[in-house]
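*Asks:* sequence and predicted model, in that order:
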There are 2 protein chains.
Amino acid sequence: MSEILLSSRNLAFELYEVLDAEALTRRERFAEHNRETFEAAIATARGIAEALFAPHNRKHDEHEPQYVDGAAQLIPEVKPAVDAFLAAGFLNATRDFEAGGMQLPNLLSQACFAHFQAANAATTSYPFLTMGAANLIESFGSPEQKRRFLQPMIEGRCFGTMALTEPHAGSSLADIRTRAEPAADGSYRIRGNKIFISAGDHPLSENIVHMVLAKLPDAPPGVKGISLFIVPKHLVNDDGSLGPRNDVTLAGLFHKMGWRGTTSTALNFGDNGQCVGYLVGQPHQGLAYMFQMMNEARIGVGMGAVMLGYAGYLYSLDYARQRPQGRRPDGKDPASPQVAIVEHADVRRMLLTQKAYVEGAFDLGLYAARLFDDTQTLDTEEQRAQALQLLDLLTPIVKSWPSEFCLKANELAIQILGGHGYTREYPVEQYYRDNRLNPIHEGTHGIQSLDLLGRKVSMNGGAALKQLVKLIQDCCQRAAEYDSLSALRQPLEQLLARLSAVTLALLGDLLAGKVNQGLANSALYLKVFGHLVIGWRWLEQAIRAEQGLALLQQGGGNAADADFYRGKLRAARYFLTWEVPACHHELALLEARDDCCLGMRDTWF
Amino acid sequence: MSEILLSSRNLAFELYEVLDAEALTRRERFAEHNRETFEAAIATARGIAEALFAPHNRKHDEHEPQYVDGAAQLIPEVKPAVDAFLAAGFLNATRDFEAGGMQLPNLLSQACFAHFQAANAATTSYPFLTMGAANLIESFGSPEQKRRFLQPMIEGRCFGTMALTEPHAGSSLADIRTRAEPAADGSYRIRGNKIFISAGDHPLSENIVHMVLAKLPDAPPGVKGISLFIVPKHLVNDDGSLGPRNDVTLAGLFHKMGWRGTTSTALNFGDNGQCVGYLVGQPHQGLAYMFQMMNEARIGVGMGAVMLGYAGYLYSLDYARQRPQGRRPDGKDPASPQVAIVEHADVRRMLLTQKAYVEGAFDLGLYAARLFDDTQTLDTEEQRAQALQLLDLLTPIVKSWPSEFCLKANELAIQILGGHGYTREYPVEQYYRDNRLNPIHEGTHGIQSLDLLGRKVSMNGGAALKQLVKLIQDCCQRAAEYDSLSALRQPLEQLLARLSAVTLALLGDLLAGKVNQGLANSALYLKVFGHLVIGWRWLEQAIRAEQGLALLQQGGGNAADADFYRGKLRAARYFLTWEVPACHHELALLEARDDCCLGMRDTWF
């Protein structure tokens, strides 16, 4: 098998044919970059991912972290892998040159990171969470906090976590009970318990900074009373050296179905009343700060789901090409040789479905990453704000769609391998187990659906939605120039029209105060909206494929690409004609405000 | 939680309100039975399943069988559980009183067995495979084979396996390479390798009989040259005592994602040229014999999938009732108490979906079990043959539908538990891992779809299909008497009409020799056909629920049942209005002979 993580050809297609990554190099921030520097970064990522991350993916699963004397122990392969990641600069890929970063566009940083996510989801979590925590401090921390905590994170000496969830509250952050009392020295004393804190303890760094949500004594009730605190595992002295242990204890580890290599911890803060925390930014603004970081984290989770799907797709494709079994329906002579199972129509269906899911979601994830760059580097504030609105709207899709459909892809990869796929002798069952986490963490599917319908589509008077509709209409207009794409374009246009009408109707319910009714079927809405978005991304890819084929006809391009483009057109056809039209049934239920589930009573179960 | 395996009320509904189990007691074979004997058997099964099977389900998963000195070792809890199962007579539940059986209808035997399947899929496999092997010998073995091998199986001293799959052939049995050479004494010498042989070695019985598919020297090529052999682990002396070890060796164990407690073995036959086997029945008839047993085995696999779904449904329902979290959209005051998550519309959706899947499939599995009784005990040969035709037609659905949709139910159960559901501290993730096997073994999903469309719907000039259509039409007619059911009946009628037309068209393709085209989308056909069948079973349940409610209105019945019946009507509504109409998109693809997947080329991936 030539490629195990992702298809380089497809990545190049995304970066240079679909998303025009080179245009970014004309922006001042990225002026030092060019296609060669991009490709060098990608090659480095692929090399480290293949050499140091992929090889211990199975071992990490079989030997999950152990709780020993109050600390979590990992297999020895993790640290060299993470160290190589750090040494190559990927932790600070997007940071300024002056701050020791590569000043890469987020698009490229995500493209590099995708290799690690495909190679080893669990090991990748440690730097992933550190990047999230570091960005929080960078955005909202004081200069002193940056000096004391961010700098060692940038240097890779200190790692980070996000500590939100509590045992009795789960998704309901309004109900967290962790408290922060002001101390005489301006710091706070934290007291509370957090669960499911990924990377909450490990021996990979000399220190760990927990970004903790807690409530001040005067906090208003609910989400408006949540503040954000830095709570280090070890205190840090004024000179930057490591101080004594803080009063944060590892209460235990959770044992998961998959993603086993990442410690999932229960942490106790302030069992002895001595847990020091530092308020980040203003009191009671903690959730707002977290949400500003959410886009990046949720793109990351979505891309993680994509990459597990991608790795499974490539593995099952390779298997289907190698594995002889049975014959085609029109060639049943048992004396004839068996054919490779890729020849069977139903295996092709399972491969094409996987391709449509993973390459569609991969495109969306990178599109979102590029949009993030737009929020930072477009010329005017208005343009940047517009980009941010669109990104806010798309975020629940970027996070949830791959979590559902790339998991489905993993299910199909197992099926292609048959009995072998069900054994731990092959990698696909682990991808499936690992990926099952993604619809749960960083906001469950249900939470995403409420975020989309209850918040995002109506924000700023629906401005973001209007932007998206315009983008899709524009795409359809460009597609209309290709007769060959009309059968792909029409289902998307029909879906867009009907979903737009449904959206208005549901928002009308919400405005009229019928919130229970309006939000009852938000899961259906999320699914259809996601298919609209992925359908749009596939139509964009199809246009580029047609352009690529046209160039080949004119004698340009690389003749070997013809098959690649035809595969793109076929996958686009699959998604737009096999998947998109099926959404009309869900739309009918939404139109009818069907109350089948809402009206079900507890006592009837 | 009052019930952890299945709902007794629902089982009683199935047995006595839907499937009229008491009518069976008017047949001569079951004349000794009555509702009390049925209930006694069920209570015994539930007691043993809860006391001896359920408690080690997790331990069995965590401590999978070990290969030690050429043998498989199990955790010590398995043997007492299986011994209790044997002692209570469940291995021979359907056998004649004279042969030491309970002479129960298959319907009741399945109802009892369902409890074990819900409690511990892995441990249940050992008696399950033994029952299958014993039935094979009973149906096709010689009197001498029955005396020597069947009798110790009935007595629980000898267990059984089904040894079909080979490393290079998988689903393609035409290509098996295991050979059987005639020996001077009338027996055969077997040589070959089999993989994925469940229960292929264990310390639960003094002997194991492998039912092995192999080819004789003069065998015609392909499936017409397959013969069936008894290959015991230990030879059996003429007086019935245990002889020396046969030349069958345990080459190794497979390590699976789930269902870990069942040994999955690689077996070598005849490494030393001394593997003795005994031909069952006629030469070259092995696959035909196996297929005659397939209905029972596939009902068993389907019911196994149902029961894993059922156990997950009950667990997540109980959790949703206990777990407070968040508030309804119209009551966001953070000072108000959190509500149980069963109050959230999307959680209700996930519970109602599970209920519709597991109770729909449970009904179908028991319907098939009762149909099996009809094949054995209806008055005339013609009636029995008719019942067998219908059962043959339904078997691919009974096996595959629960394997797909009760796995989906398990996915939803995890989601309801959120982060907890993803940990091994709760049982639902194991159900999900266990259930993922079911779409693979005993004929993959793809194989089932080819069996249905390529063989079953057209057999005997479509006689079975006509029977099924008539049954569904009759059900719709009875449903038409209830105005309240018209919204449930109409989608089923529409699906039936359109699927009937599609079936004729596809069979036309096959008759015209366009087999690749006709079978290309068989997976879609299987899904739609399955939804038709489950939709029909839900409409039957809805009629019974309406009858139950009518009786209550007249002052009869048990007033506490009103909620139960309303829940049935709601789940029927969910399935018939949320799931069934979605099939029209797949029907459109089938009508169009859409070649999107068939036309995809290997080089385009």
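*Replies:* Happy to help now that I have it.
*Asks:* ok but A:Gly160 is inside a strand, no?
*Replies:* Yes. Assessed by DSSP: H, G, I helix; E, B strand; the rest coil, A:Gly160 belongs to a strand.
*Asks:* who are the contact partners of the residue in the stretch 451-600 of chain A that chain B sits nearest to?
*Replies:* Nearest residue of the stretch 451-600 of chain A to chain B (Cβ to the nearest Cβ) works out as A:Gly567 at 3.5 Å. (C-beta placed from N, C-alpha, C; glycine too.) By Cβ atoms under 8 Å, 6 or more residues apart in numbering or on different chains, the contact set of A:Gly567 is A:355, B:600, B:604-605.
*Asks:* pretty sure A:Met257 is touching A:Arg436, no?
*Replies:* Yes. Using Cβ atoms under 8 Å, A:Met257 is in contact with A:Arg436, at 6.2 Å.
*Asks:* those two: which has the busier surroundings?
*Replies:* A:Arg436 (27 against 23; other Cβ atoms under 10 Å in any protein chain shown).
*Asks:* thought A:Gly258 was touching the more buried one, still the case?
*Replies:* Yes. Using Cβ under 8 Å, A:Arg436 is in contact with A:Gly258, at 6.0 Å.
*Asks:* anything in contact with each of those two?
*Replies:* Common neighbours of A:Arg436 and A:Gly258 (Cβ under 8 Å, 6+ apart) are B:Tyr422.
*Asks:* check contacts around A:Leu235.
*Replies:* A:242-246, A:276.
*Asks:* using the three-state scheme, assign it.
*Replies:* Here A:Leu235 is recorded as strand under three-state DSSP.
*Asks:* hey, what's in contact with both of A:Met257 and A:Arg436?
*Replies:* Common neighbours of A:Met257 and A:Arg436 are listed as B:422, B:429, B:432 (criterion: Cβ under 8 Å, 6+ apart).
*Asks:* tell me the one of those residues nearest chain A?
*Replies:* Closest to chain A, out of all of the shared contacts of A:Met257 and A:Arg436 and judged by Cβ to the nearest Cβ, is B:Glu429, at 4.0 Å.
*Asks:* what residues are up against the closest one?
*Replies:* Per Cβ under 8 Å, 6+ apart, neighbours of B:Glu429: A:257, A:436, B:414, B:421-423.
*Asks:* mind checking how far stretch A:387-403 is from the chain centre?
*Replies:* Mean C-alpha position of stretch A:387-403 versus that of the full chain (Cα atoms, centre = their mean, to the nearest Å) differs by 10 Å.
*Asks:* right, is it up against chain B?
*Replies:* No. Using Cβ under 8 Å from any Cβ of the partner chain, stretch A:387-403 never reaches chain B; the gap is at least 10.6 Å.
*Asks:* can you give me the strands for the stretch 51-200 of chain A?
*Replies:* With DSSP state E, counting those that start in this stretch, the ranges of strands along the stretch 51-200 of chain A come out as A:66-68, A:71-73, A:158-163, A:179-182, A:188-198.
*Asks:* please identify the most buried of those strands.
*Replies:* strand A:158-163 (a mean of 26; mean count of other Cβ atoms under 10 Å in any protein chain shown).
*Asks:* what's that strand packed up against?
*Replies:* helix A:121-140, helix A:151-154, strand A:188-198, strand A:207-214 (3 or more Cβ pairs under 8 Å, 6 or more residues apart in numbering or on different chains; DSSP states H and E).
*Asks:* hang on, A:Gly518 packs against A:Thr503?
*Replies:* No. With contact defined as Cβ under 8 Å, A:Gly518 does not reach A:Thr503; the gap is 10.8 Å.
*Asks:* circling back to that earlier point, include distance to B:Leu204 and mean pLDDT when you put the strands of the stretch 51-200 of chain A into JSON lines, please.
*Replies:* What follows is the strands of the stretch 51-200 of chain A, written out as JSON lines (distance: least, Cβ to Cβ, whole Å; pLDDT from 0 to 100):
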{"stretch": "strand A:66-68", "distance to B:Leu204": "33", "mean pLDDT": "96"}
{"stretch": "strand A:71-73", "distance to B:Leu204": "38", "mean pLDDT": "97"}
{"stretch": "strand A:158-163", "distance to B:Leu204": "47", "mean pLDDT": "96"}
{"stretch": "strand A:179-182", "distance to B:Leu204": "56", "mean pLDDT": "98"}
{"stretch": "strand A:188-198", "distance to B:Leu204": "40", "mean pLDDT": "97"}
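*Asks:* make a markdown table from these and add distance to A:Gln376 to it.
*Replies:* Shown next, in a markdown table, are the strands of the stretch 51-200 of chain A (distance: least, Cβ to Cβ, whole Å):
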| stretch | distance to A:Gln376 |
| --- | --- |
| strand A:66-68 | 41 |
| strand A:71-73 | 35 |
| strand A:158-163 | 21 |
| strand A:179-182 | 31 |
| strand A:188-198 | 26 |
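*Asks:* out of those, the one nearest A:Asp83 is which?
*Replies:* A:Asp83 lies closest to strand A:158-163 among those, at 12.0 Å (Cβ to Cβ).
*Asks:* that closest one pairs with which strands?
*Replies:* Strand A:158-163 pairs in its sheet with strand A:207-214 (parallel), by DSSP bridges.
*Asks:* follow the chain on from the strand it pairs with and name the next helix or strand.
*Replies:* strand A:227-232 (DSSP states H and E).
*Asks:* per-domain residue ranges of chain A.
*Replies:* For chain A, the structural domains run A:2-119, A:139-284, A:285-443, A:445-600, going by automatic domain parsing.
*Asks:* next, the buried residues of stretch A:250-261.
*Replies:* Within stretch A:250-261, the residues scored as buried using 16 or more other Cβ atoms under 10 Å in any protein chain shown are A:250-251, A:253-254, A:256-261.
*Asks:* so which of the residues you listed are also by chain B?
*Replies:* With Cβ under 8 Å from any Cβ as the criterion, the buried residues of stretch A:250-261 include A:254, A:256-258 near chain B.
*Asks:* now render those as JSON lines, adding pLDDT, distance to A:Ala199 and secondary structure.
*Replies:* Listed next are these as JSON lines, based on pLDDT from 0 to 100; distance: Cβ to Cβ, whole Å; DSSP: H, G, I helix; E, B strand; the rest coil:
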{"residue": "A:Phe254", "pLDDT": "97", "distance to A:Ala199": "12", "secondary structure": "coil"}
{"residue": "A:Lys256", "pLDDT": "98", "distance to A:Ala199": "13", "secondary structure": "strand"}
{"residue": "A:Met257", "pLDDT": "98", "distance to A:Ala199": "18", "secondary structure": "coil"}
{"residue": "A:Gly258", "pLDDT": "98", "distance to A:Ala199": "16", "secondary structure": "coil"}
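*Asks:* and the two most separated of those residues?
*Replies:* Across those, the longest distance by Cβ to Cβ is 12.2 Å; it joins A:Phe254 and A:Gly258.
*Asks:* just the mean pLDDT for stretch A:107-119, thanks.
*Replies:* Mean per-residue pLDDT for stretch A:107-119: 98.
*Asks:* now do it: distance to the chain's middle.
*Replies:* Per Cα atoms, centre = their mean, the centroid offset for stretch A:107-119 relative to its chain is 11 Å.
*Asks:* mind listing what's buried in the worst-scoring helix or strand of chain A on mean pLDDT?
*Replies:* Scoring the helices and strands of chain A by mean pLDDT, DSSP states H and E places helix A:286-322 at the bottom, with a mean of 93. Using 16+ other Cβ under 10 Å as the burial criterion, the residues of helix A:286-322 that qualify are A:286-287, A:289-290, A:293-320.
*Asks:* returning to what we had before: of the strands of the stretch 51-200 of chain A, which approaches B:Gln494 most closely?
*Replies:* Judged by Cβ to Cβ, the one of those that comes nearest to B:Gln494 is strand A:188-198, at 45.8 Å.
*Asks:* strand partners of the closest one, parallel vs antiparallel please.
*Replies:* strand A:179-182 (antiparallel), strand A:264-269 (antiparallel), strand A:276-280 (antiparallel).
*Asks:* got the contact list for the last one?
*Replies:* Applying Cβ under 8 Å, 6+ apart, the contact partners of strand A:276-280 are A:136-137, A:140-141, A:145, A:180, A:183, A:187-190, A:211-212, A:214, A:227-232, A:235, A:246-247, A:269, A:286, A:289.
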